[in-house]
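Visitor: The sequence and its predicted three-dimensional model are supplied below.
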Amino acid sequence: MAVTRRQFMKVSAASLAASSVGALGFVGAGDVLAAGVRPFKLERATETRNACPYCAVACGVLIYSLGDKSKNAKSSIIHVEGDPDHPVNRGTLCARGAASLGYIHSANRLKYPMHRKPGSDKFERVSWDFALDRIVKLMKEDRDKNFIAKNRDGVTVNRWLSTGFFGGSSLSNEAGYLTYKFVRATGILGFEDQARI
Amino acid sequence: MTVFAKRAERLVALAPGHELEGFLKMIAALVAAQHAAIAGLPPGMLPGRAAGAPLDPVTLKRDETWRVALARILERIDVAALPEPAQQARAALAAMSAGDLEVLADRFLSGDVKPGQAAEMVFVAAALQVAWTRMAALLDAAQLDPDDAGECPACGSPPVAGMIAPGGTKFGHRHLHCSLCATSWRYVRTRCVHCGSTDKISFRQFAGTSYLRAECCQACQGYSKVFYVESARTLEPLADDLASLGLDVLVGEEGFSRVANPFVLGVMAEPDGNN
């Protein structure tokens, strides 16, 4: 209902001249204004909502970048601050969260799986397929070797104590649930998932 | 100090040397007349508690208060600030019958302003602002339901601009300011005030400035202005909207449309996405 009361206007020198600005007697004002802003450049920026990755509190952040993604321009992140509309942190961030910008642009930031071969002294970039296959193979080997089905007294315990698992701090409820189900099903007891609060 | 006194003061401060100096000075005189008109207005009707916006002009039957305000504005305004066409509009309104004035008010409130009436309509808009602002001031804010919408919770009108609060408990919140009754209400940032989309929002600002950005929505091709009070404490939403029409010219060239400022009326267009 109220939407019908929105009068939209595309502002230009011509539309200002035809609007009440011109009708009240300021006929050339729109042209003067348009000429006056001509030397100024418009800067494009975006403000994107996200969750801070550091811990399970998952504070809301606003990520500011210059450049407009929709125009295929290369955008670069210039600022990160707490999201004032987020119910958890209401615009605040801890020291680490407030320093996220440094982490985003860090030269040491891990961007893809890396592998250090046995005996090697350096990490090399590998594919996700290689990394996941390798992890699965090592987990299987270790579990086959060290899985404890029954304890000394013959009671079934199904423990796997020689491998631990780290979950992620900004997992959703559902992803956290699936992670827990998977890890516990293998018998792993050493499990740290920050999505525990 | 009324909202009009503050607005007039800001307009007077913004006008000197501005490309729209004459226009801003005239609106300053108009707003000063609004300030004079709101004092001692005869008591008007107030609706009981209604569902939705209690002062929505579509459902609220208005009384003659706004015409009293109009007569006062026409009488008190500083005529020296009015160019010839504005003076003619003032004289035409002063001679108009109550019935014709009500027709003009209906047109303004239903968003149906014709270019030929643009000059008269500015005075009508000013008088309606006075009547609605006084009614809104008497409402209990706790009874209003902002409902997460881009319309004023008191009267259902679109906002004139948004302001980002500089500090205190509302730090960083955006409040939209009503174009008719001067109510302000909180609205999530980085969200289109026209269509509610959060998807394709991007901002435009003059390079090197930080107090004002246009929040543009690629979903509906609409935009609205966001002022950052942290960067310029004396900002006043309606006055600074008028003083920053230059940004509108550049943003308009990119194809975006905005809700009209109540004092810049007459050339209306649907945003491209709504066709």
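Guide: All right, it came through fine. Numbering: from 1, shown residues only, chains lettered A, B, ... in the order given.

Visitor: what residue ranges in the stretch 101-250 of chain B score low on pLDDT?
Guide: Scanning the stretch 101-250 of chain B for pLDDT under 70 picks out the ranges B:168.

Visitor: What of chain A?
Guide: Within chain A, the stretches falling below the threshold (pLDDT under 70) are A:1-4, A:68-74, A:195-197.

Visitor: where along it do the strands fall?
Guide: Secondary structure of chain A, counting by DSSP state E: strands at A:8-9, A:42-51, A:60-66, A:76-82, A:114-115, A:124-125, A:148-150, A:156-166, A:188-192.

Visitor: tell me the contacts of the residue of the stretch 151-275 of chain B found nearest chain A?
Guide: Distances between the stretch 151-275 of chain B and chain A by Cβ to the nearest Cβ are smallest at residue B:172, namely 3.0 Å. Any C-beta I mention is one placed from the backbone N, CA and C, and that applies to glycine too. By Cβ atoms under 8 Å, 6 or more residues apart in numbering or on different chains, the contact list for residue B:172 reads A:81, A:82, A:84, A:91, B:164, B:165, B:189.

Visitor: And residue B:2, by the same measure?
Guide: Remark: with contacts taken as Cβ under 8 Å, 6+ apart, residue B:2 is in contact with B:35, B:38, B:39.

Visitor: Could the C-alpha coordinates of stretch A:146-158 be exported in CSV?
Guide: What follows is the C-alpha trace of stretch A:146-158 in CSV, where atoms were taken according to Å, rounded to 0.1, in the frame of the first residue of the first chain:
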residue,chain,number,x,y,z
ASN,A,146,45.2,-48.6,16.7
PHE,A,147,41.4,-49.0,17.0
ILE,A,148,40.4,-50.5,20.4
ALA,A,149,37.1,-52.5,20.2
LYS,A,150,37.1,-53.9,23.7
ASN,A,151,38.9,-52.9,26.9
ARG,A,152,40.9,-55.2,29.2
ASP,A,153,37.7,-56.4,30.9
GLY,A,154,36.1,-57.4,27.6
VAL,A,155,33.7,-54.5,27.6
THR,A,156,33.0,-53.0,24.1
VAL,A,157,34.4,-49.4,23.9
ASN,A,158,35.2,-48.8,20.2
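
Visitor: who's in contact with it?
Guide: Taking Cβ under 8 Å, 6+ apart as the criterion, the residues outside stretch A:146-158 that touch it are A:159, A:160, A:161, A:162, A:163, A:187.

Visitor: How far away from the center of its chain is it?
Guide: Averaged C-alpha coordinates place stretch A:146-158 at 42 Å from its chain's average position (Cα atoms, centre = their mean, to the nearest Å).

Visitor: Please indicate which of the contacts of residue B:2 are buried?
Guide: For the contacts of residue B:2, a burial check counting by 16 or more other Cβ atoms under 10 Å in any protein chain shown picks out B:35, B:38.

Visitor: tell me the least confident of the contacts of residue B:2?
Guide: The member of the contacts of residue B:2 with the lowest pLDDT is residue B:39, at 90.
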